[in-house]
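Asks: predicted coordinates and the sequence they were generated for:
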Amino acid sequence: MATKNIAGVILDVTDEGYLNDPSQWTKEVGAGIAKEEGLELTDKHYELIEFIRNKVEGGEGLTIRGIGKSGIVDIKGFYQLFPGAPLKKATKISGVPKPASCI
């Protein structure tokens with residue numbers, strides 16, 4: 001198990017940098033992970049992060065299509081907020097496990 005210091009907090013992370021314990025996540029940790037990913041979080045990012053965390057805590061799976069139907073952003077907006085690999089980046093920054101659908 002690897003550890004990483006983000007926002008002054010020692011976190012247990014996977015080899016890919018995902019938190020092993022989602023309860024270690026705070027807004028500051030999310031902002032630190034986002035900075036490593038080259039992103040600066042806005043209120044819209046945090047709104048979507050809250051949606052993602054609630055879905056995962058509720059035991060629901062995440063898909064790009066599901067996020068597009070969230071009412072927060074459409075799919076195009078999701079790609080704009082988290083360019084490149086939006087679901088991978090968004091879940092990593094949200095402090096939840098990497099979705100099985102992500103390679």
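Replies: Noted; the coordinates are in hand.

Asks: and the helix or strand residue 56 falls within, C-alpha only, in CSV?
Replies: In the assignment (DSSP states H and E), residue 56 maps to helix 43-57. C-alpha atoms of helix 43-57 as CSV (Å, rounded to 0.1, in the frame of the first residue of the first chain):
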residue,chain,number,x,y,z
ASP,A,43,-18.1,25.4,-7.7
LYS,A,44,-19.4,23.3,-10.6
HIS,A,45,-16.6,20.7,-10.0
TYR,A,46,-17.5,20.5,-6.4
GLU,A,47,-21.2,20.1,-7.2
LEU,A,48,-20.3,17.2,-9.5
ILE,A,49,-17.9,15.7,-6.9
GLU,A,50,-20.6,15.7,-4.3
PHE,A,51,-22.9,13.9,-6.8
ILE,A,52,-20.2,11.3,-7.5
ARG,A,53,-19.5,10.7,-3.8
ASN,A,54,-23.2,10.4,-2.9
LYS,A,55,-23.7,7.9,-5.8
VAL,A,56,-20.8,5.7,-4.7
GLU,A,57,-21.7,5.9,-1.0
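
Asks: ok, and what's touching the very next helix or strand once past that helix?
Replies: Sequence-wise, the next helix or strand downstream of helix 43-57 (DSSP H and E) is helix 64-68. With contacts defined as C-beta atoms under 8 Å, 6 or more residues apart in numbering, helix 64-68 is touched by 48, 51-52, 55, 60, 73-75, 78, 86-87, 90. Any C-beta I mention is one placed from the backbone N, CA and C, and that applies to glycine too.

Asks: how far away is the residue lying closest to residue 2 once chain neighbours are set aside from residue 88?
Replies: Distances taken as C-beta to C-beta, 6 or more residues apart in numbering place residue 13 nearest to residue 2, at 5.3 Å, with adjacent residues excluded. Per C-beta to C-beta, to the nearest Å, residue 13 is found 14 Å from residue 88.

Asks: that older thread, including neighbour count, distance to residue 3 and pLDDT, could the contacts of helix 64-68 go into CSV?
Replies: Listed next are these as CSV, based on neighbours: other C-beta atoms under 10 Å; distance: C-beta to C-beta, whole Å; pLDDT from 0 to 100:
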residue, neighbour count, distance to residue 3, pLDDT
48, 24, 27, 96
51, 19, 28, 96
52, 23, 23, 96
55, 18, 27, 93
60, 10, 29, 85
73, 20, 32, 94
74, 13, 37, 95
75, 13, 35, 94
78, 20, 30, 95
86, 20, 27, 94
87, 20, 25, 94
90, 25, 23, 96
